[in-house]
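Q: Fold the following, please.
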Amino acid sequence: MYLLLGIAVAWCQQLETALVKLLEARQYDTARPLDERWATVSKWLDQVAGQLVEKLGVAPAIETDLKAAIGRRNRLVHDAWRLYHAGQ
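A: Predicted coordinates for the structure are as follows:
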């Protein structure tokens, strides 16, 4: 169970990483050294996924889909172990 949960959480975290990478690609020339943009990227990494979606400013339909994906990610990350443990 630990292995499966760990794999699922790792995949869920990729969603937030992808959102940060999209913001970074919009604002910076990503061919330049990371040190030049790290202060901003680091702040984005500290934000929750919903805040990142709002910063992206995507079309409403895409925002709806992203927020639904974030909701599923949150259920897994925040609730899965507790629910699994309670079911035992």
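
Q: Verify the contact between residue 19 and residue 51 for me.
A: No: using C-beta atoms under 8 Å, residue 19 makes no contact with residue 51, being 9.3 Å away. (Glycine included, C-beta is placed from N, CA and C.)

Q: Just want the most central residue of the protein.
A: residue 16 (1.4 Å; C-alpha atoms, centre = their mean).

Q: what's the helix or strand encompassing that residue packed up against?
A: Per DSSP states H and E, residue 16 falls inside helix 2-27. Applying 3 or more C-beta pairs under 8 Å, 6 or more residues apart in numbering; DSSP states H and E, we find helix 2-27 packed against helix 38-45, helix 49-56, helix 60-74, helix 80-87.

Q: average model confidence for the longest one?
A: Read that as helix 60-74. For helix 60-74, mean pLDDT rounds to 92.

Q: swap in the second one?
A: Confidence over helix 49-56 (mean pLDDT, whole number) is 91.

Q: and that helix with helix 60-74, angle?
A: Orientation check (axes from the mean of the first three to the mean of the last three C-alpha atoms, to 10 degrees): helix 49-56 against helix 60-74 gives 160 degrees.

Q: so the helix holding residue 16 versus helix 49-56, what angle?
A: Here helix 2-27 points in a direction 20 degrees away from that of helix 49-56 (the same axes, to 10 degrees).

Q: Ranking the helices and strands packed on helix 2-27 by mean neighbour count, which comes first?
A: helix 49-56 (a mean of 17; mean count of other C-beta atoms under 10 Å).

Q: what does it rub up against?
A: Contact partners of helix 49-56, identified using C-beta atoms under 8 Å, 6 or more residues apart in numbering, comprise 15-16, 19-20, 22-23, 26, 44, 47, 63, 66-67, 70, 73.

Q: rewinding a little: next, format the helices and strands packed on helix 2-27 as TSV and append distance to residue 30.
A: Output for those, formatted as TSV (distance: least, C-beta to C-beta, whole Å):
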stretch	distance to residue 30
helix 38-45	10
helix 49-56	16
helix 60-74	21
helix 80-87	33
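
Q: thinking again about what came up before, max pairwise distance over the contacts of helix 49-56: which two?
A: The largest separation in these, counting by C-beta to C-beta, is between 26 and 73 at 21.8 Å.
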